[in-house]
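S.K.: need coordinates for the following:
(one chain, ligands or ions: 2)
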Amino acid sequence: MTFLTRFAPSPTGPLHLGHAYSALLAHDMSRARNGRFLLRIEDIDQSRARPEWETAIHDDLRWLGITWSGTVLRQSERAPTYAAALAKLWSRGLLYPCTCTRRDIETAAAAPQEGAPPHGPDGLIYPGTCRPTRPVTTLPYPTDTALRLDLRRALASLHSPALGFHETGSGPAGDTGGINITQASLLDTVGDVVLLRRNMGTSYHLSVVLDDAAQGITLVVRGQDLFEATRIHVLLQRLLDLPTPIYHHHRLIRDENGKRLAKRDDARAIAKYRAQGATPADIRAMVGL
Ligand code: GLU
Ligand code: ZN
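M.R.: Ligands and ions are numbered 1, 2, ... in the order given. All right, here's what the predicted structure looks like:
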């Protein structure tokens, strides 16, 4: 099996040390295995994506010594594939429109029970306000509201209940090796995730799953912050008959206060270190490679 990995940044800000670590690690791993390293631009959020950030990403990666095979996949050019997958799930009765605002969800989720309402990888677990007893399945599906996955129905539609993936890095709690995903844990900690964002044509989870499959990715290298999201991705792969790659979740690069670096954290932007005269080897040392 050819080893294929990728780096998938969103062009919504400068690449910082955390991105450099992720890209260098994936690139090193593909080199070590005689594999291929691909680049994907995750620009589904057209309100935040900017061509100049995309150019800066290419420039920073080249400067770091990272080269990629083939053409760059841009999510903004993949709308028909996303629509086809949504149509498939919709006609199987696994999606429903949701018009709730964030505030509606907070109010409904906070209602009777004690303590903090449960959170999943996308924020509050959806309390199910808009979930229909009988789903509409006639196409076309609506695109002017969010569409959520009916998790209970989706799980019931699986031919075999076993879900899991192989982890060669580790999750935030040190989980490694064969990771089992129970249906109960999905119901408790994931819930009815949004697969179509209003007026966006897709969502992060759906696009990542379809694109990793389209690019033939065999190993996904990415930060531990996405470990929980991986459980959603494995479920979507099963629902859409796509292969599950191996995952390698890596440690996060933190600032001196232990806080994870964010996109807006321009202080750790690679461009800034470059302007100060740092070399690619300095960046490698800074991230512990
Ligand atoms: N685009 C995502 C990010 O920049 C990464 C997606 C992924 O690795 O699956 O955080
Ligand atoms: Zn709703």
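
S.K.: okay, CA-based contacts and neighbour counts for the rest of this
M.R.: Will do.

S.K.: hang on, residue 40 in a strand?
M.R.: Yes - remark: residue 40 belongs to a strand, assigned using DSSP: H, G, I helix; E, B strand; the rest coil.

S.K.: residue 75 versus that one, what's the distance?
M.R.: Separation of residue 40 from residue 75 (CA to CA, to the nearest Å): 8 Å.

S.K.: and the strands in the stretch 1-150 of the chain?
M.R.: Secondary structure of the stretch 1-150 of the chain (DSSP state E, counting those that start in this stretch): strands located at 4-7, 36-41, 73-74, 95-98, 119-120, 123-124, 146-149.

S.K.: dump these into CSV; add mean pLDDT as well.
M.R.: Shown next, in CSV, are the strands of the stretch 1-150 of the chain (pLDDT from 0 to 100):
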stretch, mean pLDDT
strand 4-7, 98
strand 36-41, 98
strand 73-74, 98
strand 95-98, 98
strand 119-120, 82
strand 123-124, 86
strand 146-149, 98
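
S.K.: can I get the ones you listed in TSV including mean neighbour count and distance to ligand 1?
M.R.: Putting the strands of the stretch 1-150 of the chain into TSV (neighbours: other CA atoms under 10 Å; distance: least, CA to the nearest ligand atom, whole Å) gives the following:
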stretch	mean neighbour count	distance to ligand 1
strand 4-7	25	7
strand 36-41	21	7
strand 73-74	16	11
strand 95-98	25	22
strand 119-120	16	17
strand 123-124	16	16
strand 146-149	24	19
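
S.K.: quick check: angle from the longest helix along the chain to strand 36-41?
M.R.: Using DSSP state H, we find that the single longest helix of the chain is helix 17-32. With axes from the mean of the first three to the mean of the last three CA atoms, to 10 degrees applied, the angle from helix 17-32 to strand 36-41 works out at 150 degrees.

S.K.: what's helix 17-32 packed up against?
M.R.: Under the contact criterion of 3 or more CA pairs under 8 Å, 6 or more residues apart in numbering; DSSP states H and E, helix 17-32 touches strand 4-7, strand 36-41, helix 51-64, strand 219-223, helix 280-286.

S.K.: list the contacts of residue 120.
M.R.: Counting by CA atoms under 8 Å, 6 or more residues apart in numbering, residue 120 touches 189-191, 228.

S.K.: try 7 Å this time
M.R.: Residues near residue 120 by CA atoms under 7 Å, 6 or more residues apart in numbering: 189-190.

S.K.: flag every residue of this structure that's near ligand 1.
M.R.: Residues of the chain lying close to ligand 1 (CA under 6 Å from any ligand atom) are 8-10, 42, 208, 222.

S.K.: which residues are in contact with the longest helix of the chain?
M.R.: Contact with helix 17-32 is made by 3-7, 36-37, 66, 221-222, 252-253, 261, 268-270, 287, as judged by CA under 7 Å, 6+ apart.

S.K.: now the helices: where do they sit in the protein?
M.R.: Using DSSP H, helices in the chain cover 17-32, 51-64, 79-91, 102-110, 151-156, 183-189, 204-214, 227-239, 270-275, 280-286.

S.K.: picking up where we left off before, in CSV: the helices and strands packed on helix 17-32, plus distance to residue 199.
M.R.: Below are the helices and strands packed on helix 17-32 laid out as CSV (distance: least, CA to CA, whole Å):
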stretch, distance to residue 199
strand 4-7, 26
strand 36-41, 20
helix 51-64, 20
strand 219-223, 28
helix 280-286, 39
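
S.K.: so which of the strands of the stretch 1-150 of the chain gets nearest ligand 2?
M.R.: Nearest to ligand 2, of all these, is strand 95-98, at 3.7 Å by CA to the ion.

S.K.: make TSV from the strands of the stretch 1-150 of the chain and add distance to ligand 2 to it.
M.R.: Listed next are the strands of the stretch 1-150 of the chain as TSV, based on distance: least, CA to the ion, whole Å:
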stretch	distance to ligand 2
strand 4-7	33
strand 36-41	30
strand 73-74	30
strand 95-98	4
strand 119-120	16
strand 123-124	12
strand 146-149	8
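
S.K.: tell me which of the helices and strands packed on helix 17-32 sits most buried.
M.R.: strand 4-7 (a mean of 25; mean count of other CA atoms under 10 Å).

S.K.: let's see that strand as PDB, backbone CA atoms only.
M.R.: This file holds the C-alpha atoms of strand 4-7, laid out as PDB (Å, rounded to 0.1, in the frame of the first residue of the first chain):
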ATOM      1  CA  LEU A   4      -0.200   8.900   1.400                       C
ATOM      2  CA  THR A   5      -0.600  11.700   3.900                       C
ATOM      3  CA  ARG A   6      -1.600  15.300   3.700                       C
ATOM      4  CA  PHE A   7      -1.600  18.700   5.300                       C
END
